[in-house]
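1. kindly generate the corresponding structure for this input.
(one chain, ligands or ions: 1)
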Amino acid sequence: MKTKVTMDPERWKAEVLTKYPSKVAKKRAKSIVVNEGDEVKQIQANIRTIPGIITQRGCTYAGCKGVVLGPTRDIINLVHGPIGCSFYAWLTRRNQTLPPTPDSPNFMMYAFSTDMQDSNIVFGGEIKLKQAIREAFEIFKPKNIGIFSTCPVGLIGDDVHAVAREMKAELGINIFGFSCEGYKGVSQSAGHHIANNGVFKHVVGLNDTPVEGKFKVNLLGEYNIGGDAFEIERIFEKIGITLISTFSGNSTIDSFEQSHHADLNMIMCHRSINYLAEMMETKFGIPWIKVNFIGADATAKSLRKIAQYFGDAGLATKVEEVIAEEMAFVAKELEPIKARTQDKTAMLFVGGSRAHHYQELFNELGMKTLSAGYEFGHRDDYEGRRVIPTIQIDADSRNIEEIHVEADPTRYKPRKTEAELKALEAQGLQFSEYEGMMTEMGKGALVIDDISHYEMEKLVEIYQPDVFCAGIKEKYCVQKMGIPLKQLHSYDYGGPYAGFEGAVNFYKDIDMIVSTSIWKMVKAPWQKESVIEAEYAL
Ligand code: CFM
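-> Predicted coordinates for the structure are as follows:
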């Protein structure tokens, strides 16, 4: 077994910070925290990346168009902007969808853009936007069109909302706009919030036709990367849980319109969608709980929470039956793998929830998470929602509309009485709560927000994890350092990793990754043979 260099994490932090100019070091120091274990320390998050630092982050438009609305198939997501922004968002996120019939509306394989040119930037792009909407309507006859603003749209002042209203009246379909210009926030996180607001204002609750089912739920913050939603749907169907809508993996606008009929909202990715759950609770009276279907144990735990909430003996029995059956399969698959993965180490730097959720799967494999962080999580995603009242609202956050929501005069219906909620809480079911990543991480783990490329290289160099989890931008840099990288945004075209079958897929993939030394054997040409160097002679 290889011996690993271990450096005290506080020393690692101090050494890394010495390489920055003093002002930068002071700022970065607050975003790098050595986890205490019992007491959660404060971490700085959701602030601007320091110019010049290579960040993992994406833009606000990516969070709105790509992340939240991207996986919804029956809407034309029209990008108002230069073509590059569309190309960037075109099927790069690997969310899958399954239309019920071959001719059900599905526009996900297309990229729609107004393809703004210089003249549109100078003279305005609203006319071109209207033409694009008419053209898209004529060709595809969609029931819904969403307009997504890219940076220049905000800079020149095109009013996408006015265009949306005008075209909605002209064409008689639902059309709405998002002011999700890339620069609107410090990361994609702002785009999530803007998308939540838009979907809530323009879609949720439009269809009052009742939905059949005894246990009706919505799943929020599940985006069907690599088919995750299909596995979760399989489990729900097996149990008899009616999933009205997933925001937004394998989803339709039609299902969002009926989502207010659910009796429980479950949040997977807290960062991207907690706003919608809060607003639906205020307006319709639907309580929300935090769940996690990444990890077999976590899946079982989440299913038990659903059974506990509904308090139905038949449902509870069925849940236990399904867990027993699925876990028998999981345990059988895990056993031989765990012998190889036990005590190996991992690092996770992804988005705003997976860096936390995937630690569950590594725990199941007997692997230790040495370091983890989000690209754009907020303090509540690290420290738990209890810190929300203490988070200072800065100008960047104020930039994003907070919509005022009230109870719907006719449709608000509390799903449980106060006494019932209290009783459930006494049994350990937490409502409107997320405890964050840090409470579940070990003492001494390095928690780093918006990690810089330099910090990532230093982590890999010093701690030599057996696997580093991040995205495509990090992949080849880390692998060139001899450490395998597993993409947790796209799954490297593998997956699903959610639920029980997904957990087994993940065990197998990680087993292969940590059991090979191939990346250590790969040497760049200049590392194995002499090279000729030359200089310019002036
Ligand atoms: Fe939520 Fe996501 Fe994530 Fe996210 Fe994302 Fe994603 Fe992600 Mo890539 S919504 S925060 S903005 S779980 S696209 S499906 S994988 S960074 S950790």
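2. contact residues of the stretch 51-200 of the chain facing the ligand?
-> 63, 67, 93, 188 (Cβ under 6 Å from any ligand atom). C-betas here are computed from N, CA, C, even on glycine.
3. if you set the cut-off to 5 Å instead, what comes out?
-> Residues of the stretch 51-200 of the chain lying near the ligand by Cβ under 5 Å from any ligand atom: 67, 188.
4. which residue ranges of the stretch 51-200 of the chain form strands?
-> For the stretch 51-200 of the chain, applying DSSP state E, counting those that start in this stretch gives strands covering 76-80, 112-113, 144-149, 174-178.
5. dump these into JSON lines; add mean pLDDT and mean neighbour count as well.
-> Below are these laid out as JSON lines (pLDDT from 0 to 100; neighbours: other Cβ atoms under 10 Å):
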{"stretch": "strand 76-80", "mean pLDDT": "98", "mean neighbour count": "27"}
{"stretch": "strand 112-113", "mean pLDDT": "97", "mean neighbour count": "22"}
{"stretch": "strand 144-149", "mean pLDDT": "98", "mean neighbour count": "28"}
{"stretch": "strand 174-178", "mean pLDDT": "98", "mean neighbour count": "23"}
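6. for the closest residue to the ligand within the stretch 351-500 of the chain, which non-adjacent residue is spatially closest?
-> When scored by Cβ to the nearest ligand atom, the stretch 351-500 of the chain has residue 351 as its residue closest to the ligand, at 2.2 Å. What sits nearest to residue 351 in space, not counting adjacent residues and going by Cβ to Cβ, 6 or more residues apart in numbering, is residue 375, at 5.5 Å.
7. can you count the residues close to that neighbour?
-> Per other Cβ atoms under 10 Å, the neighbour tally for residue 375 reads 25.
8. secondary structure of it: a helix, I assume?
-> No: Residue 375 sits outside any helix when classified using DSSP: H, G, I helix; E, B strand; the rest coil, being coil.
9. residues near the residue of the stretch 351-500 of the chain closest to the ligand, how many?
-> So residue 351, with other Cβ under 10 Å, has 29 neighbours.
10. quick check: it touching residue 376?
-> Yes: using Cβ atoms under 8 Å, residue 351 makes contact with residue 376 at a distance of 7.0 Å.
11. which residues do the two both contact?
-> Counting by Cβ atoms under 8 Å, 6 or more residues apart in numbering, the residues touching both residue 351 and residue 376 are residue 271.
12. quick one on the thing from earlier: look up the pLDDT of the residue nearest to residue 351 for me, please.
-> Among the per-residue scores, residue 375 holds a pLDDT of 98.
13. mind listing what it touches?
-> Counting by Cβ under 8 Å, 6+ apart, residue 375 has contacts 55-58, 187-188, 349-352, 450-451.
14. so which of those sit within helices?
-> Of those, the ones assigned to helices by DSSP state H are residue 188.
15. I figured residue 434 was touching residue 385, is that so?
-> Yes: using Cβ under 8 Å, residue 434 is in contact with residue 385, at 5.1 Å.
16. which one's more surrounded, these two?
-> residue 434 (22 against 19).
17. tell me which element the more buried one is part of?
-> Assigned by DSSP states H and E, residue 434 falls within no helix or strand.
18. from here on, count from 805
-> Right, with 805 as the first residue, what we last looked at is residue 1238.
19. for it, what are phi and psi?
-> phi -140, psi 130 (degrees, to the nearest 10).
20. and if you look at residue 856?
-> Dihedral angles for residue 856 - degrees, to the nearest 10 - are phi 100, psi -20.
21. where does this protein dip in pLDDT?
-> Filtered on pLDDT under 70, the chain yields the residue ranges 805-809.
22. which residues of it fall in strands?
-> With DSSP state E as the criterion, the chain has strands at 836-838, 880-884, 916-917, 948-953, 978-982, 1020-1026, 1046-1052, 1068-1071, 1092-1094, 1149-1153, 1172-1177, 1250-1252, 1271-1274, 1289-1291.
23. turn these into a markdown table, including distance to residue 1210.
-> A markdown table is the format used below for those (distance: least, Cβ to Cβ, whole Å):
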| stretch | distance to residue 1210 |
| --- | --- |
| strand 836-838 | 38 |
| strand 880-884 | 29 |
| strand 916-917 | 35 |
| strand 948-953 | 25 |
| strand 978-982 | 21 |
| strand 1020-1026 | 21 |
| strand 1046-1052 | 21 |
| strand 1068-1071 | 18 |
| strand 1092-1094 | 18 |
| strand 1149-1153 | 40 |
| strand 1172-1177 | 37 |
| strand 1250-1252 | 38 |
| strand 1271-1274 | 42 |
| strand 1289-1291 | 42 |
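24. right, so of the ones you listed, which gets closest to residue 910?
-> Among those, strand 880-884 comes nearest to residue 910, with 10.8 Å by Cβ to Cβ.
25. the closest one to strand 948-953, inter-axis angle?
-> Using axes from the mean of the first three to the mean of the last three Cα atoms, to 10 degrees, one finds that strand 880-884 and strand 948-953 are set 20 degrees apart in direction.
26. now strand 880-884, how far from the centre of its chain.
-> Here strand 880-884 is found 21 Å from its chain centre; the criterion is Cα atoms, centre = their mean, to the nearest Å.
27. other SSEs contacting that strand?
-> Judged by 3 or more Cβ pairs under 8 Å, 6 or more residues apart in numbering; DSSP states H and E, strand 880-884 is in contact with helix 887-893, strand 916-917, helix 930-944, strand 948-953.
28. tell me the contacts of residue 1103?
-> 1039, 1096-1097, 1302-1304, 1307.
29. tell me the one of the residues you listed nearest residue 1031?
-> The nearest one, if we look at those relative to residue 1031 and count by Cβ to Cβ, is residue 1302, at 8.4 Å.
30. neighbours of the closest one, how many?
-> Using other Cβ under 10 Å: residue 1302 sits among 30 other residues.
31. list the contacts of the residue lying closest to it once chain neighbours are set aside.
-> Nearest residue to residue 1302, sequence neighbours excluded (Cβ to Cβ, 6+ apart): residue 1032, at 3.7 Å. By Cβ under 8 Å, 6+ apart, the contact list for residue 1032 reads 1026, 1053, 1097, 1299-1303, 1306.
32. and the residue of the stretch 1155-1304 of the chain closest to the ligand, what are its phi and psi?
-> The phi/psi pair for residue 1155 (degrees, to the nearest 10) is phi 30, psi -130.
33. looking at the helices and strands packed on strand 880-884, which is buried most?
-> Of all those, strand 948-953 has the most neighbours on average by mean count of other Cβ atoms under 10 Å, namely a mean of 28.
34. what angle separates it from strand 978-982?
-> Counting by the same axes, to 10 degrees, strand 948-953 lies at 20 degrees to strand 978-982.
35. for the lengthiest helix in the chain, what is the distance to the chain centroid?
-> For the chain, the longest helix by residue count, based on DSSP H, is helix 1117-1145. Centroid separation between helix 1117-1145 and its chain, computed with Cα atoms, centre = their mean, is 26 Å.
36. in that helix, what's buried?
-> Across helix 1117-1145, burial judged by 16 or more other Cβ atoms under 10 Å covers 1119-1120, 1122-1123, 1126-1127, 1130-1131, 1134, 1137-1138, 1141-1142, 1145.
37. sounds good, over and out.
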